[in-house]
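Chemist: Coordinates for the following, if possible.
(one chain, ligands or ions: 1)
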Amino acid sequence: METISAEDVGIGVDLSPALSPLTFSLYDSFLSSHCSSCFSLLPPTPPHSLYCSPSCSLTDSSPTVFPPDLSPVLSTSDIRAALRLLDSISISSSSASLPHRFEGLLTNHHRLMADSSFSVAIQRAASFISGVLRSDDRENTVLEEAAICSVLTNAVEVHDRTGVALGIAVYDSRFSWINHSCSPNACYRFLISPPHSTTTTSSFQKTLPRITNTVKEHFSSITSTHEGTVRYGPKVIVRSIKRIKSGEEITVSYIDLLQPTGLRQSDLWSKYRFVCNCGRCAASPPAYVDSILEGVVALEHEITTVGHHDGAATVGKMTNHIKEAIDDFLSDDINPATCCEKIEGVLHHGILNSSSLRLHPSHHVALQAYITLASAYRIRSIDSETDFGRAFEMGRIGAAYSLFLAGVSHHLVSADLSFAISAANFWTRAGESLLELACKFLMESSGEYDDVVKCSKCLMLVENHREIKENFNQILKCAIADSDSSQVTWSFLTRGCPYLQKFKSSIDFSFTGTNCEREEPSVDQRVSILLLSFHCLLFADLLTDLCYGQKSHSVS
Ligand SMILES: C[S@@+](CC[C@H](N)C(=O)[O-])C[C@H]1O[C@@H](n2cnc3c(N)ncnc32)[C@H](O)[C@@H]1O
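Modeler: This is a model prediction of the structure:
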């Protein structure tokens, strides 16, 4: 099955109403902090409960059970979701004999059961579910298996507004028949709210574009018994992130798209057991974004011709060194300072060693490195809180890496709008880290800048955007490219960081070749950092609004 648009659709349009799930389950780690029914935060006051309100407790008839740990194949939340799915539907014997589809959803039952790494865990979980739900002693657990396979094939991770993954949910065919693409034209967002809060979807349902599920194979019955009955659990809304033509397939991404082809494919295989047949994966030569995410990129083609083999070996070595440093950092065996030293050493070596290779700044290796460095400098800043000067310096370099990361993601989003969601997150983080830095200045001179930090041009564009790409570029112009002080600001942010100083700006990746030392920023330059932070947040808002139809910040 697939889902097709029945009409032309513009960018940033909701394609579905808010759909309630067929089943859902919180991850174990959130059972004590979030409502097991609606996923909203539990009130902090005792007595301890799994639900935020009596109505959530009443609507959730499914028993909260603690299944066996069958990781990495099945999480306890997968098993709870399968149990809830079975518990909430009326099962007909015909569906039991045909586990290819379950409640209209693909199960991949044969594929998953043919794989011993999956089948053993699925059978154990099926016996557990059957023990909880059934009093009869039927040996055959094919129905339970089908429910588990259906969850494995169709469940999506539910994120809150800050991007934290709270659990999983499975939706009916209006969502679950949407296939994956590594260059999707749609995305989705969740509505997480207690049942008493009103989320009005009916008003915009009338104006939703028409989309249709198409049946490509024989499939006898879709039992939409849940329509209009299940009103709890996190809701999902599908939204276009590109223009979609009538008759075109609607696709979303099931995985992180900021990965090179090989990693995306292994991610899809290990999580969903399918080989992606999307245009980006099949493109030959590879799509531009893949050539920079995974390929060997010599920035100076005209000077150096990098033999693919030599380049690949060098990238391989650099990847390993950087990966080691990141793994050490994540496992707490290394302190953030050593991590920064190691990673910056490798990156610096990569660009200096220009006779063999220069890393493109949005090369996958570099992308992971920038994410780690932004976080390591932030930790170093927090750790040095008693030493204001040092905390400021670390915060400054952390902000520079965050800004660079945002610039890199902008480069990718300019080539393919499907990166808009990741870019929105990176711009948000850049804006927040710059704002933090600016606040440290402001602590010294409070109230001084209140009237200065405004950019009516951008504010107007964000309020009233029509041509998304034009606005991207206009805000970037205001924020970074056109600003007189941008060079000074970039030099200030990157001082003491030889790697970043090699780049002209956070969006211009050509090399300066010199290290420019600057003095402390003047009051005007301090204002420009504050203004820059607002621009980053505005840009993040624009992207968030495009992807989710809601703003992440209120910048005024
Ligand atoms: C959530 S379902 C999507 C709807 C599904 N095509 C159906 O017929 O119900 C996910 C399954 O669809 C198939 N699928 C989705 N996207 C795909 C892609 N890009 N390439 C190959 N198979 C895909 C895989 O079998 C996957 O397990």
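
Chemist: Name the residues of the longest helix seen in the chain that come out as buried.
Modeler: Secondary structure assigned by DSSP state H gives helix 388-415 as the longest helix of the chain. Neighbour counts over helix 388-415 (16 or more other CB atoms under 10 Å) mark 391, 393-414 as buried. Every residue, glycine included, has its C-beta placed from N, CA and C.

Chemist: How many residues are close by whichever residue of the stretch 301-450 of the chain sits closest to the ligand?
Modeler: The stretch 301-450 of the chain approaches the ligand most closely through residue 418 (13.2 Å), counting by CB to the nearest ligand atom. Residue neighbour count, defined by other CB atoms under 10 Å, stands at 25 for residue 418.

Chemist: please renumber so the chain begins at 27
Modeler: Got it, first residue is 27 now, which makes that one residue 444.

Chemist: Find the centremost residue of this protein, please.
Modeler: residue 448 (5.6 Å; CA atoms, centre = their mean).

Chemist: What sits closest to that residue if chain neighbours are left out?
Modeler: residue 284 (5.3 Å; CB to CB, 6 or more residues apart in numbering).

Chemist: What does the pLDDT read for that neighbour?
Modeler: According to the predicted model, the pLDDT of residue 284 comes to 91.

Chemist: follow-up on the earlier one: tell me which element the residue nearest to the centre of the chain falls in.
Modeler: Secondary structure assigned from DSSP states H and E places residue 448 in helix 446-470.

Chemist: Packing partners of that helix?
Modeler: With contacts defined as 3 or more CB pairs under 8 Å, 6 or more residues apart in numbering; DSSP states H and E, the packing partners of helix 446-470 are helix 390-409, helix 414-441, helix 549-574.

Chemist: switch to 6 Å and redo it
Modeler: Packing partners of helix 446-470 (3 or more CB pairs under 6 Å, 6 or more residues apart in numbering; DSSP states H and E): helix 414-441, helix 549-574.

Chemist: how about the residues of the stretch 177-326 of the chain near the ligand?
Modeler: 179, 180, 202, 203, 205, 206, 207, 298, 300, 302, 303, 304 (CB under 6 Å from any ligand atom).

Chemist: Now with 5 Å, please.
Modeler: Residues of the stretch 177-326 of the chain lying near the ligand by CB under 5 Å from any ligand atom: 179, 180, 202, 203, 205, 206, 298, 300, 302, 303, 304.

Chemist: what's the closest of the residues you listed to residue 567?
Modeler: Among those, residue 206 lies closest to residue 567 (CB to CB), at 27.5 Å.

Chemist: Secondary structure element holding the residue nearest to that closest one when sequence neighbours are not counted?
Modeler: In space, and not counting its chain neighbours, residue 206 is closest to residue 280: 4.4 Å by CB to CB, 6+ apart. Of the helices and strands defined by DSSP H and E, none includes residue 280.

Chemist: Neighbours of residue 280, how many?
Modeler: Neighbours of residue 280 under the rule other CB under 10 Å: 22.

Chemist: if I read this right, it contacts residue 205, doesn't it?
Modeler: No. With contacts counted by CB atoms under 6 Å, residue 280 stays clear of residue 205, the gap being 9.1 Å.

Chemist: rewinding a little: restricted to strands, list the residues of the stretch 177-326 of the chain next to the ligand.
Modeler: 205, 206 (DSSP state E).

Chemist: how about the residues of this structure near the ligand?
Modeler: Counting by CB under 5 Å from any ligand atom, the chain sits next to the ligand at 27, 132, 179-180, 202-203, 205-206, 298, 300, 302-304.

Chemist: switch the cut-off to 8 Å
Modeler: The chain has residues 27-28, 127, 130-132, 134, 137, 179-180, 199, 202-208, 242-243, 277, 280, 294, 298-304, 307 near the ligand, with proximity defined as CB under 8 Å from any ligand atom.

Chemist: Where does pLDDT dip in the stretch 327-476 of the chain?
Modeler: 327-338, 358-359, 378-384, 467-476 (pLDDT under 70).

Chemist: same deal with the stretch 77-226 of the chain?
Modeler: In the stretch 77-226 of the chain (pLDDT under 70), the answer is 86-90, 116-124, 161-164, 222-226.

Chemist: quick one: the strands in it?
Modeler: Per DSSP state E, counting those that start in this stretch, the stretch 77-226 of the chain carries strands over the ranges 127-128, 131-132, 182-185, 191-197, 205-206, 212-217.

Chemist: Compute the distance from the centre of the longest one to the centre of its chain.
Modeler: When distances are taken as CA atoms, centre = their mean, to the nearest Å, strand 191-197 is centred 14 Å away from the chain's centroid.

Chemist: list the contacts for residue 354?
Modeler: Listed by CB atoms under 6 Å, 6 or more residues apart in numbering, the contact partners of residue 354 are residue 360.

Chemist: ok, now residue 210?
Modeler: 277, 278, 279, 444.

Chemist: Model confidence for the residue lying closest to it once chain neighbours are set aside, exactly?
Modeler: Closest residue to residue 210 apart from its sequence neighbours, by CB to CB, 6+ apart: residue 277 at 4.4 Å. The model reports residue 277 with a pLDDT of 97.

Chemist: ok, how many other residues are close to the closest residue to residue 27 other than its chain neighbours?
Modeler: Nearest residue to residue 27 in three dimensions, chain neighbours excluded: residue 203, at 4.2 Å (CB to CB, 6+ apart). Residue 203 is flanked by 23 other residues according to other CB under 10 Å.
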